[in-house]
Structure formats: C-alpha cells, structure tokens
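Engineer: Here is my input; please provide its structure:
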Amino acid sequence: MQWSPGQIIHMKHGTAKTEDGVNIAYQVSGQGPALVLCHAMANDHRMYDEHREAFSKSHRLITFDQRGSGYSDHPPFDEGPESYYTVEKFGDDLKAVVDHLGINRVTILGFSMGAVAALSFSTRWPERLDRLILASAMASRLPQAIIARARLVETMLDEKGLEETYDFYFSGTLFDGLMAQKKLHHMIALFREKATPQGFKGCFRVTIDRPSLVDELKLIRCPTLILVGENDTHYLVEAELLENTISNAKRVVMPGVGHPLSVQDPKAFEAEVITFIS
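Structural biologist: The predicted structure follows:
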C-alpha cells in the first residue's frame with residue numbers, strides 16, 4: 001500500500017480531554033485487541049498512515065496527536081512546575097484517549113518521542129499493558145551530543161521561525177540520507193501545516209530536558225519488543241540497556257536503517273510489529 005497523506009481507512013475521529021483540560025485528537029480503525037501508536041517529535045498521527053491498513057486487520061488501531069502536535073490542543077509553553085509539557089502529561093494524553101474509549105488493556109507502540117509517552121504510561125499503569133513496543137527509544141537521559149544540537153534547534157525556532165527550524169531539525173545526523181526522499185519532504189510539509197512554535201518547543205523540552213526513566217523500567221512486566229536501526233549509533237547502546245533492564249524484553253536490530261527506521265524500511269518495520277503482536 002502506498003503512503004498517502006491523510007488517508008482514511010474506515011476511520012473514526014474523536015477528541016478526549018485530559019485532566020488538565022487539553023483536548024487530544026484521536027483516530028480509530030479496525031477491530032480486535034487495542035493497539036495504540038505514539039508518534040515521534042515534529043510529527044503527528046499521520047506518520048503511521050502507511051501502516052494503518054496492515055495493523056487494522058487484526059487490531060483496533062488507535063492513533064492520536066500528542067499535546068502540542070497535529071490536531072490536538074497546543075497549550076502555551078511554560079517552564080514552571082505547572083507546565084503543560086512534562087513526561088507525566090505525555091502519558092496522561094495516552095491514558096485520556098484509552099479511558100475515553102473505554103479500553104482497559106492495550107498494546108502500545110512508541111517511536112522516539114512517542115516512546116517517552118509509552119514509557120510514562122507503562123511505568124505508571126503496567127497492569128493495563130498487554131504488550132509494549134519501543135522503537136528508536138531512549139529511557140536514559142539523551143547523550144550530550146544530541147542535546148547540544150537540540151539547543152541549536154531551539155535557538156533557530158526563536159530566531160528563524162518554524163519553517164527553517166523544521167528543515168534544520170530533519171537535516172541532523174539522526175535523519176542521514178532521508179532528505180533525499182520525496183516522501184519525507186511531503187510528510188514534513190504535512191506535519192508543519194499543523195505545527196505551532198509553542199507546541200514544537202513544549203514537545204522538544206519534554207524530549208531533551210526530561211529525567212532518566214531507567215529506574216522505572218523494572219515496573220514493566222509485559223512482553224516488550226525493542227526495535228533499533230543498526231546505523232542509529234546512540235540508540236543501539238540504549239536498546240541493549242532496555243533489553244537487559246526490562247524483564248521480558250527482546251531486542252531486534254534492523255539492518256540498513258538508522259533512527260527513522262519506519263520511514264527507511266517501512267515493510268520490515270511493519271513485519272516486525274505484526275509478528276510480535278500476533
């Protein structure tokens with residue numbers, strides 16, 4: 001199936017409200033056990049459009065836009081203790097959606113920033129998990145090399161605006177070789193349409209300033225799949241840590257890909273996920 005922006009496959013749209021009053025947009029397709037997908041930074045639920053048909057064949061597929069992204073609310077960014085953007089509130093967004101839909105147990109897939117939301121939920125409500133998939137994920141604090149470049153991205157956002165910031169962000173080493181792909185350019189343009197400065201900065205700060213989540217990993221008991229690209233240098237080391245720390249985890253290193261493994265080899269990504277959730 002070819003990826004098509006905004007493609008709809010018998011999809012229900014709705015909104016769930018979090019306890020702090022943020023409206024979270026979600027999409028549901030298919031029937032069966034619940035599978036929730038959490039998207040990456042500077043993306044929204046549409047990053048999974050290419051996989052919706054395959055995943056919906058066996059599962060009730062739920063995608064949603066994290067606060068500050070896509071069609072969900074983009075609350076103001078505030079660095080104080082009452083900030084709308086925290087690790088816990090990322091997990092709360094996910095919980096608001098599944099609670100709104102009346103779902104008790106779920107399988108969760110979190111990709112990159114989405115893994116932060118997945119871990120936030122999974123370590124606080126582990127009894128609600130059937131399975132967990134962590135793709136290009138990091139529970140540790142980010143390496144200084146990544147944080148340093150992230151600060152440059154944030155400075156560019158303040159000085160140059162969203163359009164140049166998006167281009168600069170996706171030109172980083174995490175996305176080596178991808179800017180030559182027409183598909184990625186189309187996706188970036190699509191995501192940028194719904195982006196706002198406060199949403200981008202809020203999500204960015206959660207990703208780069210969050211504390212380590214490693215100590216909480218022992219709370220996860222469900223079968224867990226760790227996906228990482230063989231060229232994703234920093235995350236390869238982290239994937240090994242995740243496998244060794246989560247009691248029932250299996251690590252798969254995908255050949256020939258880096259951080260954005262679902263874009264670089266969508267069929268292999270899809271196959272690994274389907275095998276695991278089946």
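
Engineer: Run a quick neighbour tally on residue 127.
Structural biologist: Residues contacting residue 127 under the criterion other Cβ atoms under 10 Å number 9. For every residue, glycine as well, the C-beta is placed using N, CA and C.

Engineer: measure it to residue 242 for me?
Structural biologist: For residue 127, the distance to residue 242 equals 20 Å [Cβ to Cβ, to the nearest Å].

Engineer: what about stretch 101-119, start to end distance?
Structural biologist: 20 Å (Cα to Cα, to the nearest Å).

Engineer: List the buried residues of it.
Structural biologist: Going by neighbour count (16 or more other Cβ atoms under 10 Å), the buried part of stretch 101-119 is 101, 103, 106-119.

Engineer: now do stretch 72-80
Structural biologist: Quick answer for stretch 72-80 (16+ other Cβ under 10 Å): 72-75, 77.

Engineer: Stretch 57-72 too?
Structural biologist: Of the residues in stretch 57-72, those with enough neighbours to count as buried (16+ other Cβ under 10 Å) are 59-72.

Engineer: Next, format these as TSV and append pLDDT and distance to residue 16.
Structural biologist: Output for the buried residues of stretch 57-72, formatted as TSV (pLDDT from 0 to 100; distance: Cβ to Cβ, whole Å):
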residue	pLDDT	distance to residue 16
59	98	19
60	98	15
61	98	16
62	99	10
63	99	13
64	99	8
65	98	11
66	98	12
67	98	11
68	97	15
69	97	15
70	96	14
71	97	12
72	98	9
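
Engineer: Pick out the most distant pair among the residues you listed.
Structural biologist: Spatial extent of the buried residues of stretch 57-72 (Cβ to Cβ) is set by the pair 59 and 68 at 26.5 Å.

Engineer: Identify the residues contacting stretch 158-167?
Structural biologist: Stretch 158-167 has contacts (Cβ atoms under 8 Å, 6 or more residues apart in numbering) with 42, 153, 156-157, 188, 191-192, 195-197, 200.

Engineer: any chance of those residues in CSV, with distance to residue 210 too?
Structural biologist: As requested, the contacts of stretch 158-167 are arranged in CSV below (distance: Cβ to Cβ, whole Å):
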residue, distance to residue 210
42, 17
153, 16
156, 21
157, 18
188, 24
191, 22
192, 24
195, 21
196, 21
197, 20
200, 16
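
Engineer: in the stretch 1-150 of the chain, which spans are helices?
Structural biologist: For the stretch 1-150 of the chain, applying DSSP state H, counting those that start in this stretch gives helices covering 49-56, 87-100, 113-124, 144-160.

Engineer: immediately after the longest one, which helix or strand?
Structural biologist: Going down the chain from helix 144-160, the next helix or strand is helix 162-169, by DSSP states H and E.

Engineer: tell me the angle of the next helix or strand after that following helix relative to helix 162-169?
Structural biologist: Helices and strands here follow DSSP H and E; after helix 162-169, the next one along the chain is helix 182-193. Per axes from the mean of the first three to the mean of the last three Cα atoms, to 10 degrees, the angle that helix 182-193 makes with helix 162-169 is 140 degrees.

Engineer: helices or strands next to helix 182-193 in the packing?
Structural biologist: Judged by 3 or more Cβ pairs under 8 Å, 6 or more residues apart in numbering; DSSP states H and E, helix 182-193 is in contact with helix 162-169, helix 261-264.
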